[in-house]
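Peer 1: Pasted the sequence and its predicted model underneath.
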Amino acid sequence: MLPSTGQHRPVANARLQAAQQLQSRSAVPRVQTRRRCSALLAQSSLPCSQSAAMRAQPSVAAAAAKRPQRCVGARAAAADMGGSHSLDLGSSWDMPRRLQKLLKPSKYDAELLHLAVPALAAMMLEPLMNVLSAAFMGHLGTQQLGAVSLASLATSLATYVFSFLVFLTTPRVAAAHANGDRRAVTRLAAVGLWLALGTGLLVAVSLSFSAGAIVHALRPPEPEVYTYAVQYITVRSWGILAAMLGFVASGTYRGVKDTRTPLKAAVAAALTHITLTPLFILGFKWGVAGAALAATISQWVSCVMLLSLMFRRQLLRAADLLAPPRWHEVVPYLWKGAVLALRMVVTFGMIMFASAICVRAGAASQAAFEIIRQVWIISITFFEALNVATQAMAAGFLGRHDRVAAREVLLRSLHLSCCIGLFLGVLLFAARGPLVGLFTKDAAVALLGGAVVPVIALCMPIDAGASIMDGGLIAAGQTNALSVIQVAGSLVQYAVLALFVSRGYNSVAYVWGVLKVLSLVRLGGGYWLHFVSRRSAYLPKGGVASQQQQQHSGVRAAASSGSSNVSSSAGSSIAGQELSSSSSSSSSSRDGSSSSRNSSSDSSSVTSSSSSSS
C-alpha cells in the first residue's frame, strides 16, 4: 500500500463535503416521499417491498411512486370494462376484495329477483306436474313409466323444436318496449301468434297420425311399452298447438318485463293438472291415456288465460291479430327460426339417441333415465328463471344501446347462477337416496338412478353458467351463433357416446356423463362470444382490442396524474429546506399541473416531470 500524499486530500475533502450536503438536502423529502408512497401502496393493495426503491434520489422515488397510480388506473379501467362484479385474475393479492365485491348486493339484484322469482314459480310448476304423472305411472308399473318416458321425448321434441318462438319474440318486444313503441309490441305479438298457429296445427296433425311409426323407430323392448307410448302420443299431440301459442304469449310478457302474468296462468294450469290426473288415472282407470289427456287440457287452460290477458293489457289488438303478416315481417322469424330449429333438432335428437340406448338396455335403464331427466329438469329451472330475467333486462339495455349496463347484468347473472348451481349440486348429492325413492320402489331402478345423481350434481354449476351464456346470446339477437355452438357440441356428444357404446359402456351413468359435454361447449363458446370476440354485443365495438386500448389510455392518464402529484409534493418539500431549489420545485409543479391538464400525456412527459422535480 502506497503512502498517502497530501496532494489528494483537498479533493477527497471536497467530495466528502458535497456528499454530506446532498444527504442533508434529500433526507427530509425522501422520508416524506416514502410515507406518501407507502400510503399509495397500501391503498392499492400492493406489497410494500417496492418501498426499497425509495432509498434512491427523489427522481427515482417519483418514478417509483407512479407505479401504484398505474395499478389504480388499470384497476379502474378493468372495473369499467368488466362491470362492478368482474374478476381481475391478474392481481391475485386483490382476490379477497374482489370476492367481497362479488358477495356484495348489486344494484341489479332487485330487478333480477323481481323478474326471476315469478318466472321460477311458473317454470317450476310444469316439471312438477310431469313428476306427478311420472310418479303415478311408476306406481302403475315399470312398462307404463317407460312408455311415458319414450312418448314424452317424442312430444317434447315437437314442442322444443318450435320454442324458438320465445327466443325470437322476447328480444324484439323488449327493444320495442324499451323505446316506448307500444304499437310495435302488439304487431310483433300478432305476427308471432300467426306463425304459432300455422306451425302448431301442422305439427299436431302430423304427430297424431304418425304416432305408431315414431314409437316403432325407437324400438321399445316390450310390446306393452309400444302400446302405451302410442296412446300417449296420440292424445298428447293436440296440446302442442296450445304450447306454441303460449310460447309467443310468454315471450311477449317477458319482453315487457312481466313474469307475474305467466305465473298466474301456470298456477291455473297446475291446479287443473292436479285435479284431473288422479281423476283420470285412478278414478276413470284410463291409465296412460288419462295422464296425457290431463296434461293436454291443462295446457289449453294456460294458453287461453295468457291470450285473454294480452287483450286486456293491450299487448295485443284485434286489428293486428286479424291482419295476416306480410312477407317482410315473417322473413326474420323464418330465417332465424330455421337455424334455431336445426339446432334444437340436433340437440334434442341427441337426447333421444341417449334415451334409445337406455331403452335397448332394458325397461329398468329407461325408467332410471326418465327419473334422472325429471330431476335434472326441476334442478335447472332455478337458473333458467334467472336466464329469463337476464334476457329481459339485457335485451332492454341493448335496445337502448347501453352495452355497459347489459354487460354488468350478464356478469351478475353468471355469478349468481353458478352459486345456485353449486348449492343445488351439493343438495342433490346429499339427498340422492330419498330423492330416487320418491319415484320408484323397484330396487334395480333405484340402484341405477342413485348412481347417476352424483354425475348430475357435479355438473350443476356448468349447466348454470351455460344457461346464462345462452340467455346472453338470445338477448343480443345472436341466435345463429347460439345454434352453431350447440350443433357443434351435439356432434361431439354423438361421437363420444357412439364410441362408448361400441366398447360396451352403455349404462345410464355413462350416458348422462356424455350428455354434459354439450354444457361445457355452451359455457366455453358463450363466454368467448360475450367477452372475447369482436362480434360481442356486450363489449365496446372492436371487441378486446378496443377494450385494451381503453385500458391503456386509462393507465396512461392515471400514471401521468400520479407522477405530477408526487413530483409537485417532493418539490415543495425541497423548497422548504433550501431557498435555492425553490425555483426548480415551482417549475416542476407547473409542469406537473400542465401535464395533468393535457389529456394526451405520454411516458416522455412523465419522465421529464420527474427529472425536473429532482
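Peer 2: Everything's here; your move.
Peer 1: From here on, just use CA atoms for contacts and neighbour counts.
Peer 2: OK.
Peer 1: where does the stretch 51-200 of the chain have low pLDDT?
Peer 2: Under the criterion pLDDT under 70, the flagged ranges of the stretch 51-200 of the chain are 51-103.
Peer 1: how about the helices in it?
Peer 2: Ranges of helices in the stretch 51-200 of the chain, per DSSP state H, counting those that start in this stretch, are 58-82, 95-103, 109-140, 142-161, 164-178, 182-209.
Peer 1: Please point out which parts of stretch 487-502 sit buried.
Peer 2: For stretch 487-502, a neighbour-count test (16 or more other C-alpha atoms under 10 Å) marks 487-490, 492-494, 497-498, 500 as buried.
Peer 1: got TSV for the helices of the stretch 51-200 of the chain, with distance to residue 509 too?
Peer 2: Formatted as TSV, these follow (distance: least, C-alpha to C-alpha, whole Å):
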stretch	distance to residue 509
helix 58-82	38
helix 95-103	35
helix 109-140	20
helix 142-161	17
helix 164-178	30
helix 182-209	31
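Peer 1: so what secondary structure elements neighbour the host helix or strand of residue 422?
Peer 2: Assigned by DSSP states H and E, residue 422 belongs to helix 403-430. Counting contacts by 3 or more C-alpha pairs under 8 Å, 6 or more residues apart in numbering; DSSP states H and E, helix 403-430 is packed against helix 58-82, helix 363-399, helix 443-458, helix 460-475.
Peer 1: what angle do it and helix 363-399 make?
Peer 2: Computed with axes from the mean of the first three to the mean of the last three C-alpha atoms, to 10 degrees, the direction of helix 403-430 lies at 160 degrees from that of helix 363-399.
Peer 1: returning to that earlier point: deepest-packed of the helices and strands packed on helix 403-430, please.
Peer 2: Of all the helices and strands packed on helix 403-430, helix 460-475 has the most neighbours on average by mean count of other C-alpha atoms under 10 Å, namely a mean of 27.
Peer 1: Can you give the contact residues for whichever helix or strand comes after that helix?
Peer 2: Next in sequence after helix 460-475, counting helices and strands by DSSP H and E, comes helix 479-502. Helix 479-502 is contacted by residues 336, 339-340, 342-343, 346-347, 350, 470, 473-474, 506, 510-511, 514-515, 517-518, 521-522, 525-526 when judged by C-alpha atoms under 8 Å, 6 or more residues apart in numbering.
Peer 1: Ok, stretch 215-235 next?
Peer 2: Contacting residues not belonging to stretch 215-235 are listed as 143-144, 146-148, 150-152, 154-155, 207-209, 211-212, 288-289, 291-293, 296, 356, 359-360, 362-363 [C-alpha under 8 Å, 6+ apart].
Peer 1: Also stretch 366-373?
Peer 2: Contact with stretch 366-373 is made by 142, 145-146, 149, 355, 358-359, 436, 439, 445-446, 448-449, 452-453, 508, as judged by C-alpha under 8 Å, 6+ apart.
Peer 1: Geometric centre of the protein: which residue is closest?
Peer 2: Nearest residue to the geometric centre of the chain (C-alpha atoms, centre = their mean): residue 468, 2.4 Å.
Peer 1: who's in contact with it?
Peer 2: 383-384, 386-387, 390, 410, 413-414, 417.
Peer 1: how about low-confidence regions in the protein?
Peer 2: Using pLDDT under 70, the flagged stretches of the chain are 1-103, 542-614.
Peer 1: would you list every one of the helices in the stretch 251-400 of the chain?
Peer 2: Under DSSP H, counting those that start in this stretch, the stretch 251-400 of the chain gives helices at 260-278, 287-312, 318-322, 327-361, 363-399.
Peer 1: will you turn those into JSON lines that also has distance to residue 244?
Peer 2: Shown next, in JSON lines, are the helices of the stretch 251-400 of the chain (distance: least, C-alpha to C-alpha, whole Å):
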{"stretch": "helix 260-278", "distance to residue 244": "14"}
{"stretch": "helix 287-312", "distance to residue 244": "9"}
{"stretch": "helix 318-322", "distance to residue 244": "16"}
{"stretch": "helix 327-361", "distance to residue 244": "13"}
{"stretch": "helix 363-399", "distance to residue 244": "18"}
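Peer 1: Of those helices, give the one that comes closest to residue 112.
Peer 2: Proximity to residue 112, assessed across the helices of the stretch 251-400 of the chain by C-alpha to C-alpha, is greatest for helix 363-399 (5.7 Å).
Peer 1: Give me the distance from the closest one to the chain's centre.
Peer 2: Its chain's C-alpha centre and that of helix 363-399 lie 13 Å apart, by C-alpha atoms, centre = their mean, to the nearest Å.
Peer 1: Would you mind getting the angle between that helix and helix 443-458?
Peer 2: Comparing the axes of helix 363-399 and helix 443-458 via the same axes, to 10 degrees yields an angle of 20 degrees.
Peer 1: Quick one: the helices and strands packed on helix 403-430 as TSV, columns for distance to residue 431 too.
Peer 2: Converted to TSV, the helices and strands packed on helix 403-430 look like this (distance: least, C-alpha to C-alpha, whole Å):
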stretch	distance to residue 431
helix 58-82	37
helix 363-399	12
helix 443-458	9
helix 460-475	15
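Peer 1: Out of those helices, which gets nearest to residue 116?
Peer 2: helix 363-399 (5.0 Å).
Peer 1: In the contacts of stretch 366-373, find the pair that's most separated.
Peer 2: Pairwise across these, and taking C-alpha to C-alpha, the largest span is found between 142 and 453, at 20.0 Å.
Peer 1: Pull out the buried members of the contacts of stretch 215-235.
Peer 2: Buried subset of the contacts of stretch 215-235 (neighbour count, 16+ other C-alpha under 10 Å): 143-144, 146-148, 150-152, 154-155, 207-208, 211-212, 288-289, 291-293, 296, 356, 359, 363.
Peer 1: What residues sit buried inside the helix holding residue 422?
Peer 2: Buried-residue list, helix 403-430, by 16+ other C-alpha under 10 Å: 403-422, 424-425, 428-429.
Peer 1: Look at stretch 276-290 and report the distance between its end residues.
Peer 2: Terminal residues of stretch 276-290 are spaced 8 Å apart (C-alpha to C-alpha, to the nearest Å).
Peer 1: Just the buried residues of that stretch, please?
Peer 2: Those buried within stretch 276-290 under the rule 16+ other C-alpha under 10 Å are 276-281, 287-290.
Peer 1: again, but for stretch 178-198
Peer 2: For stretch 178-198, burial by neighbour count (16+ other C-alpha under 10 Å) applies to 178, 182, 184-196.
Peer 1: one step back: nearest approach to residue 236 belongs to which of the helices of the stretch 51-200 of the chain?
Peer 2: helix 142-161 (7.2 Å).
Peer 1: what does the closest one rub up against?
Peer 2: Contacts of helix 142-161 (C-alpha under 8 Å, 6+ apart): 134, 137-138, 203, 214-215, 222, 224-226, 228-230, 232-233, 236-237, 240, 243-244, 288, 340-342, 344-345, 348-349, 352, 355, 363-364, 366-367, 370.
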